[in-house]
Each structure stands twice: as C-alpha cells, then as structure tokens.
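Novice: the sequence and its predicted three-dimensional model are supplied below.
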Amino acid sequence: MGRPEGPLEIDLEKLIADPLYLDNAAHAVVARMRDLDSGTRSQLRRFYNAVRRATRTADADRQHNFVMLRARLAYTIARHSLRSLDPLEKVLLAVTRKNEARGYERFRDLFEAIIAYNE
C-alpha cells in the first residue's frame, strides 16, 4: 500500500501562487523518494546548490542556466535511477519556458523544502 499511485504532477501556476501547495508538493516528492528511490541525499544537495547558483545569475543568463540544470537533472535521474524526481524535471521545463523570476524563485523554494523534508 505504501507505493504512490500514478505520476505526480506539479502545477507551476499553483506553485507560484500558493505557499501551501508548494509545501504539499515538496512532501509528495519526498514521500515518492522514500518509496521509489534510495541514496538520494548527496545528489539532491549537489543539484540544490546548482539551483541556488542559477537563481543568483544575471537575468540575461538565468534561462540558459536553468535549461542546463534541466539537462543535469535528467542525467542525474537516469544515472541514479531517481524516478521520483521526474515531476521536478517537468516543472523545471515549465519554469524555463515561462522564464520569469518568480518561477525560478519558487522552483528554488520547492527544492529547498524537498531538501529539508528529506533530512
């Protein structure tokens, strides 16, 4: 019964507008991580540090940095079989397509909450 049912979807608009949605999404990702994956803490921390650096870059370079983060996340998911992080890859795609500072900040906040709840 502990296995999550179906794919987890994270809605970017709700993520930006509703802090409680962000918190619930972080909890859902961590619950899936515990059910599906193992040994994710160090990979998550490294990726979170890259997200923080990308968020602090100049506006002109931010979208490019987040596109590259998406590629890095896809590699990390494949390399370490972290299927629970698939929803993060999808929301990261939505964030880079929208290319707004608020979206990048909320993605960083979501990742920070995931790190905190995974400890």
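Specialist: Looks like it came in fine.

Novice: any idea how far the helix or strand harbouring Arg102 is from the chain center?
Specialist: Arg102 is part of helix 101-118, with elements assigned from DSSP states H and E. In terms of C-alpha atoms, centre = their mean, to the nearest Å, the centre of helix 101-118 is found 7 Å from the chain centre.

Novice: equivalent analysis for stretch 105-119, please.
Specialist: That offset, for stretch 105-119, works out to 8 Å (C-alpha atoms, centre = their mean).

Novice: contacts for that stretch next, please.
Specialist: The contact list for stretch 105-119 (C-beta atoms under 8 Å, 6 or more residues apart in numbering) reads 10, 12, 15-16, 22-23, 25-27, 29-30, 33, 40-41, 44-45, 47-48, 51-52, 55, 66, 88, 91-92, 95. C-beta here means a position set from N, CA and C on the backbone, and glycine is covered the same way.

Novice: what about the residues you listed, which are in helices?
Specialist: Among the contacts of stretch 105-119, the members falling in helices (DSSP state H) are 12, 15-16, 22-23, 25-27, 29-30, 33, 41, 44-45, 47-48, 51-52, 55, 66, 88, 91-92, 95.

Novice: and the residue sitting nearest the centre point of the chain, what pLDDT?
Specialist: For the chain, Leu88 is the residue whose C-alpha lies nearest the centre (C-alpha atoms, centre = their mean; 3.7 Å). The score at Leu88 is 90. That number is its pLDDT.
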